[in-house]
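Asks: missing the sequence, but the structure's below:
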C-alpha cells in the first residue's frame, strides 16, 4: 500500500501542491489527470523524493519514505519513467537499461551476466530487441521513451511512476505501452502515471486521481467518470460515448 498524505509543495513562492492525499495498492493502475500546471509532474517527483515537500508524508507499507532514504534503497522501491528522456547521451541502449540494476550492486561490484540478461529481457518487452548497440542520441523521442521504460522494468521496483509515458509514441506503440502497463500491474506492480490522453485514462487505468490547481479535485473509478466531472476539471464541455459494444468509452471535448 502506498499512502500519499497531505503533500504540500511550494516553489518560487507558489503553492504547486496543496494538501494532496490518496491511497494506492499493488496491482493497481492509477492515472493522474488534470490540466497543464495542475501539479501532476510535481506530484510524481515528490513521491520519488526528487521535489522538496513543504509538508505531508509518503508512506509505503507502513514506512515513511518521505524521510531521508539512501538513493539506492529508494530505487529498490520506486522506478521512474520521466516525461522528457535525455537524448544527448552517448551510452548505448543496453548500457542505459542495465543501469536499472545499479541499486542492487554492492560497492565496486560490476554488472553481472544476469543483470545484462534482465536488461535484454526488458528491451524485448518494450519492442526494442536489436537496439542494444544503438547510441541513445541517435534514437527518436518515442524510442528513447521506450528505453526509459525498459530501464524501469529492469529496476524491478514494486512501484513504477510514469510521467506521460505515451506522449511521444505513435498509435501502434501507444497501444503496446498500455498493454505492457497492464501486464506489469497483473504481475503485482503498482503503476502510477500522469496522462493527458483522456481516452487512455478512462479505458486503461483502474482509478483516477484528478488534480486542479494543485489540489485533489476528485477521485473516481476510471470508467465511472462523467461529462460533468471532466467539464469541471478542464473548464470545457465533454461528451462521453460508448463504443465497441460498450466495452470502450470515447471522450470528446466540445466547443468552448
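Replies: Nice, thanks for sending it over. Nothing here was measured: the structure is a model prediction, and the numbers come from that model. Residues are numbered from 1 along each chain as shown.
Asks: Let me see the ranges of the strands in this structure.
Replies: 2-11, 14-24, 29-33, 55-60, 63-64, 78-81, 159-163, 190-195, 207-212, 215-221, 238-243, 248-253 (DSSP state E).
Asks: got the contact list for the shortest one?
Replies: Think strand 63-64. 57-58 (C-beta atoms under 8 Å, 6 or more residues apart in numbering). For the C-beta atoms, the positions are set from N, CA and C on the backbone; glycine is no exception.
Asks: chain center to that strand, what's the gap?
Replies: 21 Å (C-alpha atoms, centre = their mean, to the nearest Å).
Asks: what does the longest one give?
Replies: Distance, stretch centre to chain centre, for strand 14-24: 16 Å (C-alpha atoms, centre = their mean).
Asks: Buried residues of it, list them for me.
Replies: Neighbour counts over strand 14-24 (16 or more other C-beta atoms under 10 Å) mark 16-18, 20, 22, 24 as buried.
Asks: Would you format these as a markdown table with pLDDT and distance to residue 81 included?
Replies: Shown next, in a markdown table, are the buried residues of strand 14-24 (pLDDT from 0 to 100; distance: C-beta to C-beta, whole Å):
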| residue | pLDDT | distance to residue 81 |
| --- | --- | --- |
| 16 | 94 | 21 |
| 17 | 95 | 20 |
| 18 | 94 | 26 |
| 20 | 96 | 20 |
| 22 | 96 | 20 |
| 24 | 96 | 17 |
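Asks: Of the residues you listed, which pair is most distant in space?
Replies: Maximum pairwise distance in those, criterion C-beta to C-beta, is 20.5 Å, between 16 and 24.
Asks: what's next to stretch 208-225, contact-wise?
Replies: Residues contacting stretch 208-225 (C-beta under 8 Å, 6+ apart): 9, 15-22, 30-35, 37-40, 43, 201-207, 229, 232-233, 240, 249.
Asks: mean confidence score for stretch 155-167?
Replies: Model confidence over stretch 155-167, given as mean pLDDT, is 94.
Asks: gap between it and the chain center?
Replies: The answer for stretch 155-167 is 4 Å, by C-alpha atoms, centre = their mean.
Asks: give me the number of residues near residue 178?
Replies: Neighbours of residue 178 under the rule other C-beta atoms under 10 Å: 20.
Asks: circling back to that earlier point, distance to residue 140 added to the strands of the chain, as a markdown table?
Replies: Converted to a markdown table, those look like this (distance: least, C-beta to C-beta, whole Å):
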| stretch | distance to residue 140 |
| --- | --- |
| strand 2-11 | 32 |
| strand 14-24 | 31 |
| strand 29-33 | 25 |
| strand 55-60 | 34 |
| strand 63-64 | 39 |
| strand 78-81 | 16 |
| strand 159-163 | 18 |
| strand 190-195 | 21 |
| strand 207-212 | 30 |
| strand 215-221 | 34 |
| strand 238-243 | 30 |
| strand 248-253 | 28 |
